[in-house]
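**Q** test case, fold it:
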Amino acid sequence: MDVLIVVATAGEAGNLRDLPARVTVSGVGPVAAALATQRALQEAPARLVVSAGIAGAYPASGLTPGDLAVSSHVIQADLGAWDGDDWLSLEALGLSVLPDGPGGATFPAWDGAEVLARRSGAAFGPMLTLSSVTGSLERARQLEARYPGALTEGMEGAGVSHAARLAGVPALELRGVSNAVGPRDRSAWRIPEALRATRRGLETLLNGSSGGGWGAGAP
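**A** Numbering: from 1, shown residues only. From the prediction side, this is the model:
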């Protein structure tokens, strides 16, 4: 298959199995996602890798449950150093997750991502990866201030993007919104709506050729 879709859980994969793409379940977190992506690409090549599933939306994004987000960049937002109360990103430290150049812990998305967002009615912007889910409004606002325009918070996108980058394959993150980032309130989660939004975005991607294709970035 030309497109590899990586999801964290079997529940997220359940309504995607009939899509014309390869779906792999990675487990939770950036390390599990990176290793699963690497393994899947070694087993069979792909021209595009998609980190997909559900996510929380940051308050300032204006996104609500059932909305869809597509990444302009994927950022591993908790990778850096604290200097007292000051946060230092990898860029500020002059470091990178990549062995051969700058970039800190930020991965630009596939060059067709903005067109995909427009066609699918999705928000388009930075999407954050954290190893621990945010549990307070104060923390959510701190992350929004640190990463202006951040749309969503997930736990796998940067791992998928990192492995794809090392394999020379473009990648993007695509997430249906299930809840707001902040205080943990499971009663407010809308997982079925988020899963439907995720599928809608993936269907738009995979049917792209019927809408004029994606140009040079076509998977």
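**Q** packing partners for the lowest-mean-pLDDT helix or strand in the chain?
**A** Scoring the helices and strands of the chain by mean pLDDT, DSSP states H and E places helix 90-93 at the bottom, with a mean of 89. Packing contacts for helix 90-93, counted by 3 or more C-beta pairs under 8 Å, 6 or more residues apart in numbering; DSSP states H and E, involve strand 80-83. Every residue, glycine included, has its C-beta placed from N, CA and C.
**Q** show me which positions of the strand it packs on end up buried.
**A** Of all the residues in strand 80-83, those buried under the rule 16 or more other C-beta atoms under 10 Å are residue 80.
**Q** so for it, mean pLDDT?
**A** Confidence over strand 80-83 (mean pLDDT, whole number) is 94.
**Q** now the helices for the protein?
**A** 10-13, 30-43, 90-93, 113-120, 137-146, 157-167, 191-206 (DSSP state H).
**Q** which parts of the least confident helix or strand of the chain are buried?
**A** Under the neighbour-count rule (16+ other C-beta under 10 Å), helix 90-93 has residue 90 buried.
**Q** ok so, going back, and the helices of the chain: which comes nearest residue 181?
**A** helix 137-146 (4.5 Å; C-beta to C-beta).
**Q** grab the most central residue of the protein for me.
**A** In the chain, the C-alpha nearest the mean C-alpha coordinate belongs to residue 173, at 3.0 Å (C-alpha atoms, centre = their mean).
**Q** now do the contacts for it.
**A** By C-beta atoms under 8 Å, 6 or more residues apart in numbering, the contact list for residue 173 reads 50-52, 69-71, 74, 109, 127, 154, 157, 160-161.
**Q** brilliant, that's me finished.
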